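**Q** please work out how this folds:
(4 chains)
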There are 4 protein chains.
Amino acid sequence: MYSPTVQKLIDLFSKFPTVGPRTAARFVFYLLRLPQREIQELIEAILKLKKNIKFCPLCFSPFEGEGNLCKICADSSRDRSLLCVVEKEADLAAIEKTQKYKGVYFILGGTISNLKKEKIKNLRIEELKGRIRKDPEIKEIILAFNSTLEGETTSLYLERILKSFNKKISKLGRGLPVGGELEYADEETLGSALESRK
Amino acid sequence: MYSPTVQKLIDLFSKFPTVGPRTAARFVFYLLRLPQREIQELIEAILKLKKNIKFCPLCFSPFEGEGNLCKICADSSRDRSLLCVVEKEADLAAIEKTQKYKGVYFILGGTISNLKKEKIKNLRIEELKGRIRKDPEIKEIILAFNSTLEGETTSLYLERILKSFNKKISKLGRGLPVGGELEYADEETLGSALESRK
Amino acid sequence: MYSPTVQKLIDLFSKFPTVGPRTAARFVFYLLRLPQREIQELIEAILKLKKNIKFCPLCFSPFEGEGNLCKICADSSRDRSLLCVVEKEADLAAIEKTQKYKGVYFILGGTISNLKKEKIKNLRIEELKGRIRKDPEIKEIILAFNSTLEGETTSLYLERILKSFNKKISKLGRGLPVGGELEYADEETLGSALESRK
Amino acid sequence: MYSPTVQKLIDLFSKFPTVGPRTAARFVFYLLRLPQREIQELIEAILKLKKNIKFCPLCFSPFEGEGNLCKICADSSRDRSLLCVVEKEADLAAIEKTQKYKGVYFILGGTISNLKKEKIKNLRIEELKGRIRKDPEIKEIILAFNSTLEGETTSLYLERILKSFNKKISKLGRGLPVGGELEYADEETLGSALESRK
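**A** Model (predicted):
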């Protein structure tokens, strides 16, 4: 249907998260309408990303600027006894936004789905173990994963793997979300909300 | 548009919860197609409701059968030190389904919206106070309302009202619901999930 | 979970169109809160429905009042050469609302699903054939069914059945609905919109 | 929240159609995980787009390859008496997919919203007039715009502008879309479906 150059770019955009072929085609038509100057700006921004962004050796957050550590890991006011393990950067950003957490992080880089166990090797499991081994300050490891099947599977897997370190391991509390109604809550959510009442 | 008899019934069905005029019209056309025998069955079931159903004097649950108390209040194995205050029958049913609660209940009969404060007098506030006054066994009052604005307003109102009884007052825990994702959780929900981690 | 009287009424309400068990339970709790006087009003409205409403022998519309025919069939200004066959009362009401149709109607009483062919005998097929046979004024039969699989199946079935009457048989035009976008229209809809351009 | 390089790219992706800041952030994190080789592939595909893609001087479709005209305009079997004016490439693609149209196209490059009349100068109105002036073969101009407020406004505007050419001007037919139900159709859609019955 589309010419090869257009189709090639549609295929590449279709690999972006949440993007299907129809949206990918809209992206391409958007770029076609863009003046050359803005195309150049986009390409430079993509290239700069790879050039400027470093990954923090402690938490694997992307960051830029001087120093070897990301802003959070370099911040001496953060509580190093708390290590919060998250799936991805956006989850770290979501937790920071709550302004309720003063510890440090570790980005695992993905979750384990029941179906694709071979993907475990793409996760930073060894790096996480190394981090905990080298850092005696850590007292509690918070497994902050989604309440989805994939998130739960990952939590259970990490719990088993990290048991031997003899640290406190905790998970996010379950309960009614803001706006949640008892009548429409599933039994597990409502049961947890009852148990964690206060 | 519709004839008076049809319109009258559409108006009455439109007062049912979740029913708008279009659905009400579908109800009426459904009844028109129903054989006389099934219409009779429906009417008898409605009449029996008013005749057979009593309201438990302790928790205000509707129930039927012998005895003065509903099944839960009559059950000697329930923990009478825990009183769970809910908005409506469906919320009680939702909590029972979790099988995580062994205490007793009190149905308030509604919630307080910020806008319609005059409706407070329709709620069983005095009955709730009477119940707590007469029942020294009660140690904890659980305010189990929706995490909505109305539910929160009602909880705050009851907390103030019930303070003088010197009982422990608790509320349902907030957190990620089953299936919830960190990235899409609001800050309050995620903050509560962190604080109630375990 | 619920007491027999409540459960019985939940079961009856669950047969109403669009109503599931949870909504049915809300209906019952709504009725429980209703004063006796309003319950009586509802029951009388249901009984009146069966007593007051007659079905027009020409089009099978429900109607009330004097006379043997419904308002539309009794209206001498309507064009009797156009017979619009619809599935149900609500579809007739929808067409009347457009104020674009001046002919008369016939309510078939349902549609044919591919799966439940035995249900054909519940439709007013014989009555429709009788109506067309007795009424030489009819020049065009409009099959006004939903553009769904069931509606299409019914249209095709009627077309075959009514062929021998040698009347013009037409179907609703397909095209983009108000608010429809080309990019998201299916091929058949967009193809029809092109063919029926004007 | 994000570092300047990341934020810059989030801002640029946020201008893509359908993309908000949250999705844009996911795109950036996706690129950060991508190996350098795949980044290079993406950048080359974007650069090639600008280099390889020409715009057809007749219909303004993007195309590549030899020749001065796009595949459709160069195809001698297409019916040059029919000119279909569309908003954007995706609409042309949608019409081609129906395989019901054998004429040629003209891409206007946008629509007129009531609010932003100044944007009219970005549309190819003059080019459209030039095309019709130079091409005596054209007999019918089909205004194939969305059935939305913007699409309708654009159709009305073009009708007025193109009137003086004394060509037949047509618009897509309105009616029930595939899957549409009479009961839920708006009055205009259902009225059009009745009028375009066949």
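**Q** list the contacts of the spatially most central residue of chain A.
**A** Among the residues of chain A, A:K88 comes closest to the average C-alpha position under Cα atoms, centre = their mean, at 1.0 Å. By Cβ atoms under 8 Å, 6 or more residues apart in numbering or on different chains, the residues touching A:K88 are A:107, A:109-110, B:183, D:29. Quick note: C-beta positions are derived from backbone N, CA and C, even for glycine.
**Q** how about the strand ranked longest in chain A and chain D, touching?
**A** Of all the segments of type strand in chain A, defined by DSSP state E, the longest one is strand A:79-86. No - using Cβ under 8 Å from any Cβ of the partner chain, we find that strand A:79-86 stays clear of chain D, coming within 12.2 Å at best.
**Q** how close does A:E41 get to chain C?
**A** Going from A:E41 to chain C by Cβ to the nearest Cβ, to the nearest Å gives 28 Å.
**Q** which helix or strand contains the nearest residue in space to that residue that is not next to it in sequence?
**A** Excluding the flanking residues, the one nearest A:E41 by Cβ to Cβ, 6 or more residues apart in numbering or on different chains is D:L12, at 6.7 Å. D:L12 is located in helix D:4-14, with elements delineated by DSSP states H and E.
**Q** residues touching that helix, excluding its own?
**A** A:41-42, A:45-46, A:48-49, A:52-53, A:62, A:64, D:1-2, D:19-21, D:23-25, D:27-28, D:31.
**Q** which of these fall in helices?
**A** When DSSP state H defines the helices, the subset of the contacts of helix D:4-14 inside them is A:41-42, A:45-46, A:48-49, A:52, D:21, D:23-25, D:27-28, D:31.
**Q** could you work out the most separated pair of the residues you listed?
**A** Greatest spatial distance among the ones in helices among the contacts of helix D:4-14 (Cβ to Cβ): A:N52 and D:T23, at 22.0 Å.
**Q** low-confidence ranges, chain A, go.
**A** A:114-118 (pLDDT under 70).
**Q** quick check: residues of it near chain C?
**A** So chain A meets chain C at A:22, A:183 (Cβ under 8 Å from any Cβ).
**Q** can you give me the strands in chain A?
**A** Taking DSSP E, the strands of chain A run over residues A:54-55, A:62-63, A:79-86, A:103-107, A:140-143, A:168-171.
**Q** convert the fourth one to PDB, retaining C-alpha atoms only.
**A** Going back to what we said before, that points to strand A:103-107. Extracted in PDB, the C-alpha atoms of strand A:103-107 (Å, rounded to 0.1, in the frame of the first residue of the first chain):
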ATOM      1  CA  GLY A 103      15.100   6.100  50.000                       C
ATOM      2  CA  VAL A 104      17.000   5.100  46.800                       C
ATOM      3  CA  TYR A 105      16.000   3.000  43.800                       C
ATOM      4  CA  PHE A 106      17.000   0.200  41.500                       C
ATOM      5  CA  ILE A 107      15.600  -0.100  38.000                       C
END
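**Q** that strand pairs with which strands, and in what direction?
**A** strand A:79-86 (parallel) (DSSP bridges).
**Q** show residues contacting the partner strand.
**A** Strand A:79-86 is touched from outside by A:92, A:95, A:101-108, A:128, A:131-132, A:135, A:137-145, A:158, B:182, with contacts defined as Cβ under 8 Å, 6+ apart.
**Q** what's the answer for stretch A:162-175, then?
**A** Stretch A:162-175 is contacted by residues A:128-129, A:132-133, A:138-145, A:147, A:155, A:158-159, A:188-189, A:192-193, A:196, B:172-178, B:182, B:190, B:192-198 when judged by Cβ under 8 Å, 6+ apart.
**Q** same question for stretch A:133-146.
**A** Outside stretch A:133-146, the residues within contact range by Cβ under 8 Å, 6+ apart are A:80-87, A:91, A:95, A:103, A:111, A:132, A:151-152, A:154-155, A:158-159, A:162, A:165, A:167-172, B:176, B:180-182, B:194, B:197.
**Q** go with 7 Å
**A** For stretch A:133-146, the surrounding residues in contact (Cβ atoms under 7 Å, 6 or more residues apart in numbering or on different chains) are A:80-87, A:91, A:95, A:111, A:132, A:151, A:154-155, A:158-159, A:162, A:167-172, B:180-182, B:197.
**Q** likewise for stretch A:28-43?
**A** So stretch A:28-43 is in contact with A:6, A:9-10, A:13, D:12, D:16-17, D:43, D:46-47, D:49-50, D:53, D:62, D:88-90, going by Cβ under 7 Å, 6+ apart.
**Q** stretch A:109-129 and chain B in contact?
**A** No - figure legend: stretch A:109-129 not in contact with chain B (Cβ under 7 Å from any Cβ of the partner chain); closest approach 10.9 Å.
**Q** wondering if that stretch reaches chain D at all.
**A** No - contact of stretch A:109-129 with chain D (Cβ under 7 Å from any Cβ) is absent, the minimum separation being 7.7 Å.
**Q** so how far is the first residue of that stretch from its last?
**A** This stretch, stretch A:109-129, spans 14 Å end to end (Cα to Cα, to the nearest Å).
**Q** tell me the buried residues in that stretch?
**A** By 16 or more other Cβ atoms under 10 Å in any protein chain shown, the buried positions in stretch A:109-129 come out as A:109-112, A:123-125, A:127-128.
**Q** can you check stretch A:45-60 too?
**A** A:45-46, A:48-49, A:52-54, A:56, A:58-60.
**Q** which one among the residues you listed gets closest to chain C?
**A** A:I46 (27.5 Å; Cβ to the nearest Cβ).
**Q** now for that closest one: which residues touch it?
**A** D:9, D:31, D:39, D:43.
**Q** roughly how far apart are the second one and D:E181?
**A** The reference is to D:L31. Distance, D:L31 to D:E181, using Cβ to Cβ, to the nearest Å: 44 Å.
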